[in-house]
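Asker: Requesting a structural model of the entry that follows:
(2 chains)
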There are 2 protein chains.
Amino acid sequence: MASSLLTRQLAVSLQQNLRLAAPGSRYVSKTATKTVSEFEYDAPSMKTVVPGPKSQELMRQLGEIQNVGAIHFFCNYEESRGNYLVDVDGNRMLDVYTQISSIPIGYNHPALMKVMTNPNNISAFVNRPALGILPPENFPDKLVESLLSIAPSGMTRVQTMACGSCSNENAFKSMFIWYRNKERGYSNPSEEEVSTCMINQSPGCPDLSILSFMGAFHGRTLGCLATTHSKAIHKLDIPSFDWPIAPFPKLQYPLEEFVRENAQEEARCLEEVEDLIVKWRQKGKPVAGIVIEPIQAEGGDNHASPDFFIKLRNIARKHGCAFHVDEVQTGGGATGKFWAHEHWGLDDPADIVSFSKKMLTGGYYHRDELQADKPYRIFNTWMGDPSKNLFLSEVLNVIRRENLLEEVTRSGKALMQGLYALQNQYPHILSSARGQGTFCAIDACDDATRNIIMMKARNKGVFLGSCGERSIRFRPALVFKEYHVHQLLNILNDVLAEHK
Amino acid sequence: MASSLLTRQLAVSLQQNLRLAAPGSRYVSKTATKTVSEFEYDAPSMKTVVPGPKSQELMRQLGEIQNVGAIHFFCNYEESRGNYLVDVDGNRMLDVYTQISSIPIGYNHPALMKVMTNPNNISAFVNRPALGILPPENFPDKLVESLLSIAPSGMTRVQTMACGSCSNENAFKSMFIWYRNKERGYSNPSEEEVSTCMINQSPGCPDLSILSFMGAFHGRTLGCLATTHSKAIHKLDIPSFDWPIAPFPKLQYPLEEFVRENAQEEARCLEEVEDLIVKWRQKGKPVAGIVIEPIQAEGGDNHASPDFFIKLRNIARKHGCAFHVDEVQTGGGATGKFWAHEHWGLDDPADIVSFSKKMLTGGYYHRDELQADKPYRIFNTWMGDPSKNLFLSEVLNVIRRENLLEEVTRSGKALMQGLYALQNQYPHILSSARGQGTFCAIDACDDATRNIIMMKARNKGVFLGSCGERSIRFRPALVFKEYHVHQLLNILNDVLAEHK
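Answerer: Alright, predicted model coming up:
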């Protein structure tokens, strides 16, 4: 029961010495030193293979209601805490995937529990407003205190939305509206535009496009999906738009050892971007905006250099396209900065930065000029959820108070060192370790090996995510400390040592 | 402060006798009899014109962050309760719009407050899971207890989503996947399909379409928007799909007085539907699904007969198209049945029924065969929010315990009688009163008059919504009783009596 969670902390800390530490050799990693707070567990603890019998029974039950093919196991969220996810069979795993990278400061963080027990907050949960027409009194203050306090450079305005896909869909709409307003010289739309838009025809619904990159993931609603190109299973059978798709640089890692080769590859891709912009303009489908992830996540943790992004921003500027940075997965601190694109040092800021996941609310920041000129153009019933802003405010307090961005940088270094050591030790299995902060990944030799490693790690108490064709992605919470890094590395090492 | 809300009920009930009842003549309506619970206020109470000075100042502040053109006023949700919405200037209004029809049982309902204070529920709020991969232990049970307990006839499965647009987008995707699986005989996709889908081209991204109706509103993301045809401001400048759009019957009201004329009009529209299906198949863009609202809401509260919908369902069946009933606005009890389409008496159930708003969570029910054949085809990070399911469970308990569907039917009859009386008394101003349950509307003679009536009503303490070109829509909560109906009618009567 959640009610007893806080009161059980003492008992937990007393029990800690009785628990077994993670088993296995310590070849690649120094002995894990316990520096985490008393609040969480100190190690994984496995009772069954995963999924265990209770998970399997629940899967059978849910299978009568939904497709359960993607379900790993069922969770006991009440008993989970910090970096440790507990399942219904009593298995406790170090969580390095964190609900597809959406848990910012671990499970049942005491600061978030407090939000729930503060009577001043109840109304925000019970009375969900239609924010676009009837916001609560504290809404401007809460935006200033939460989202605007961490606004990326150049971003003066923010629009909340319910999820990542809705954030990107509405960001795209903002770019289309901005682009057409420019084209028509900010005058009123013609009668023809007004009448044709009602029947999905141009000029009212113009043949504009968004340029995206091969390997990108920007969501799964129909607009987003037209810019998503990571896996066929996402896109098969769904109608789409004829929008340009540029190659994303295929870099060699470690980046610092392949500077010249990678620069050539990036130049090739940028050239293709310009060609596509010209070609699509000639086709009568001008590019209103370019959307890109700072690190392609779902598509395989593909990196590019700050130089690439700066030049891409310049190309967008030169051709009059909006520049949209999708920080849905990279945002919120995991790269060691609050926004991954802050690593680039852009002089000319992005036009739009979208977010969700660790931010707990979806939404997007934008420059002044990207704001829709009239009400009801960017709109829906809820337009976000003020109760999520309450949690976000508290998450930001914790990040500041506990210097979690520094923590991420420190843990990220330890993680990268460990991954380099592992790939040196197992070069026939692992390669291309790469990362920024704790937003890291490594490639297995093939898909099957990747999946076996992940399954074995899970049964030893480390829960990981995959991405791309044969990558393992590391997406711990911001409270993932060096202690946890070593726990992770030791278990990975055990798995690899056992691997034939 | 929300904390003091429940404890203040006694004080409130003591003060009730001191408050002024709603002013004005009682021409159209019998004296309002107080039958509501002690929990809520007993009448509107206005201190300023709306928006008052505090709302205006907050609008200025928020205007520096967002477009505020759609904002009516800022709310004090802590002080709102039941059917009464309190604004930041201390004005208390009878709320007949309920956050665009999304508040099921009024503000700060004690049953919902209790959900917040139950320690067993805290974890569901604090740890939002990625439902598609790691559901909580109680997820199957909660679905059975909440959404499945009210599943429409023929609907065995349900998928939760975060909002109405995402629900419809994913419902569309389910129909496309189902349609293509049928076409390819449930065999594996070809290599060409797999490779072309990655670059948005057919056959992988096929030229399939969804047939929608003029005047429809199904949401604002790009897929939904291609089926939305209610107002140009929603669609202007946004690229769209060349999908067929059928005329929605333009009926004459009251329906029972124009049976023959309306049947002819409906026959005309159904004929056009079949023509469009054939035409789009010939164009190489076959109709995978038909989507329709039981009552077109945003488009002007346009009704059609059960016979129309039954025939439409048969057309869908005949041509192999899925039949999707969008109950985002009509669902949840406001028509006197839990689902508006239950009024039709379909023998052959719909294939998909989508919902959101009053259901507090988005999602859609579907028949077995509409379930995607593989995991990760219908998927996103959150796939809903279990904390919303907790509130929904409690809302359903209240609806059952307090027989709110009967209440809605009773209040709806009183409301329709009153609207008929008003349009008889002011035939130069009002016409076409129509409704089902409390899901009612009436037309003003023109847009300007409609807006003046709504503004004057607001300043007298009744908050209303608009729809279509010149309609007023009534969207009270399910706890809107005859007492509130008479309060509404008396104030409307005052406004109309004053109107030149």
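Asker: residues in the stretch 251-400 of chain A within reach of chain B, list them.
Answerer: A:356-357, A:360, A:371-372, A:374-382, A:387, A:391 (Cβ under 8 Å from any Cβ of the partner chain). For the C-beta atoms, the positions are set from N, CA and C on the backbone; glycine is no exception.
Asker: Show the buried residues in these.
Answerer: A:356-357, A:360, A:371-372, A:375, A:377-382, A:387, A:391 (16 or more other Cβ atoms under 10 Å in any protein chain shown).
Asker: And the strands in chain A?
Answerer: Listed in chain order, the strands of chain A (DSSP state E) span A:84-86, A:92-95, A:157-161, A:209-213, A:245-246, A:287-292, A:322-326, A:352-355, A:362-366, A:430-436, A:439-444, A:462-463, A:465-467, A:471-474.
Asker: nearest to B:Arg473, of these?
Answerer: strand A:157-161 (24.7 Å; Cβ to Cβ).
Asker: Show residues contacting the closest one.
Answerer: A:131, A:143, A:147-148, A:151, A:167, A:170, A:356, A:361-368, A:370-371, A:378, A:380, A:383-385, A:389, B:65-66 (Cβ atoms under 8 Å, 6 or more residues apart in numbering or on different chains).
Asker: Restricted to buried residues, select those in ChimeraX.
Answerer: Here is the ChimeraX command that selects the buried residues among the contacts of strand A:157-161 (16+ other Cβ under 10 Å):
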select /A:131,143,147,148,151,167,170,356,361,362,363,364,365,366,367,370,371,378,380,383,384,385,389 /B:65,66
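Asker: Show me the contacts of strand A:157-161 that map onto helices.
Answerer: Judged by DSSP state H, the contacts of strand A:157-161 include A:143, A:167, A:170, A:389 as members of helices.
Asker: from those, which single one is nearest chain B?
Answerer: Compare each of the ones in helices among the contacts of strand A:157-161 with chain B using Cβ to the nearest Cβ and the shortest gap goes to A:Leu143, at 5.6 Å.
Asker: which among the buried ones among the residues of the stretch 251-400 of chain A next to chain B gets closest to chain B?
Answerer: Closest approach to chain B among these (Cβ to the nearest Cβ): A:Pro375, at 2.9 Å.
Asker: Just give the nearest non-adjacent residue to that closest one, would you?
Answerer: Distances taken as Cβ to Cβ, 6 or more residues apart in numbering or on different chains place B:Gly69 nearest to A:Pro375, at 2.9 Å, with adjacent residues excluded.
Asker: list the contacts for the one you found?
Answerer: Taking Cβ under 8 Å, 6+ apart, we find B:Gly69 in contact with A:374-376.
Asker: Then A:Asp307?
Answerer: Contacts of A:Asp307 were listed using Cβ under 8 Å, 6+ apart, and they are A:263, A:266.
Asker: how near is it to A:Glu265?
Answerer: In this view, A:Asp307 and A:Glu265 are 12 Å apart by Cβ to Cβ, to the nearest Å.
Asker: coming back round to it: export the buried ones among the residues of the stretch 251-400 of chain A next to chain B to JSON lines and tack on distance to B:Glu183?
Answerer: Formatted as JSON lines, those follow (distance: Cβ to Cβ, whole Å):
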{"residue": "A:Ser356", "distance to B:Glu183": "34"}
{"residue": "A:Lys357", "distance to B:Glu183": "36"}
{"residue": "A:Leu360", "distance to B:Glu183": "41"}
{"residue": "A:Gln371", "distance to B:Glu183": "43"}
{"residue": "A:Ala372", "distance to B:Glu183": "39"}
{"residue": "A:Pro375", "distance to B:Glu183": "43"}
{"residue": "A:Arg377", "distance to B:Glu183": "37"}
{"residue": "A:Ile378", "distance to B:Glu183": "37"}
{"residue": "A:Phe379", "distance to B:Glu183": "36"}
{"residue": "A:Asn380", "distance to B:Glu183": "33"}
{"residue": "A:Thr381", "distance to B:Glu183": "35"}
{"residue": "A:Trp382", "distance to B:Glu183": "36"}
{"residue": "A:Ser387", "distance to B:Glu183": "44"}
{"residue": "A:Phe391", "distance to B:Glu183": "45"}
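Asker: that older thread, of the residues of the stretch 251-400 of chain A next to chain B, which pair is most distant in space?
Answerer: Applying Cβ to Cβ across these, the maximum distance is between A:Lys374 and A:Phe391, 31.9 Å.
Asker: Look at the residue most central in space within chain A and report its pLDDT.
Answerer: Most central in chain A under Cα atoms, centre = their mean is A:Gln329, positioned 1.3 Å from the mean C-alpha point. Per-residue pLDDT puts A:Gln329 at 98.
Asker: wait, doesn't it sit right on A:Lys357?
Answerer: Yes: taking contacts as Cβ atoms under 8 Å, A:Gln329 lies within contact range of A:Lys357: 6.1 Å.
Asker: what residues do the two have in common as contacts?
Answerer: Going by Cβ under 8 Å, 6+ apart, residues that sit against A:Gln329 and also against A:Lys357 are A:Ser101.
Asker: Okay, now the unreliable bits of chain A?
Answerer: Counting by pLDDT under 70, chain A contains low-confidence ranges at A:1-38, A:500.
Asker: Of all the strands of chain A, which one comes closest to B:Glu402?
Answerer: strand A:157-161 (33.4 Å).
Asker: Now do that closest one and strand A:362-366, the angle between them.
Answerer: Computed by axes from the mean of the first three to the mean of the last three Cα atoms, to 10 degrees, the angle separating strand A:157-161 from strand A:362-366 equals 160 degrees.
Asker: Buried residues, strand A:157-161. List them.
Answerer: A:157-161.
Asker: now swap in stretch A:118-134 and tell me
Answerer: Buried, per 16+ other Cβ under 10 Å, within stretch A:118-134: A:121-134.
Asker: Of the residues you listed, which belong to helices?
Answerer: Among these, the residues falling in helices (DSSP H) are A:122-126.
Asker: between these, which is nearest B:Gln61?
Answerer: Nearest to B:Gln61 out of those is A:Ala124 (Cβ to Cβ; 18.4 Å).
Asker: Could you pull up the contacting residues of the closest one?
Answerer: By Cβ under 8 Å, 6+ apart, the neighbours of A:Ala124 are A:136, A:386-387, A:390, B:77.
Asker: Out of the residues you listed, which two are the most distant from each other?
Answerer: Top of the distance list for the contacts of A:Ala124 (Cβ to Cβ): A:Leu390 and B:Tyr77, 12.8 Å.
Asker: Tell me which of those two has more neighbours.
Answerer: B:Tyr77 (26 against 23; other Cβ atoms under 10 Å in any protein chain shown).
Asker: List the contacts of the more buried one.
Answerer: Applying Cβ under 8 Å, 6+ apart, the residues near B:Tyr77 are A:123-124, A:127, A:129, A:136, B:86, B:107-108.
Asker: Need these in TSV (columns: distance to A:Gly204).
Answerer: Shown next, in TSV, are the contacts of B:Tyr77 (distance: Cβ to Cβ, whole Å):
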residue	distance to A:Gly204
A:Ser123	41
A:Ala124	39
A:Asn127	37
A:Pro129	32
A:Pro136	36
B:Val86	41
B:Tyr107	39
B:Asn108	43
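Asker: ok, so of those residues, who is nearest B:Leu270?
Answerer: Among those, and counting by Cβ to Cβ, the member closest to B:Leu270 is A:Pro129, at 39.7 Å.
Asker: what's the distance between the closest one and chain B?
Answerer: For A:Pro129, the distance to chain B (Cβ to the nearest Cβ, to the nearest Å) stands at 6 Å.
Asker: now do A:Arg268
Answerer: Using Cβ to the nearest Cβ, we find A:Arg268 at a distance of 18 Å from chain B.
Asker: Now do the phi/psi pair for the closest residue to that residue other than its chain neighbours.
Answerer: Once flanking residues are discounted, A:Arg268 sits nearest to A:Pro247: 7.4 Å by Cβ to Cβ, 6+ apart. Main-chain torsions, A:Pro247, degrees, to the nearest 10: phi -70, psi 140.
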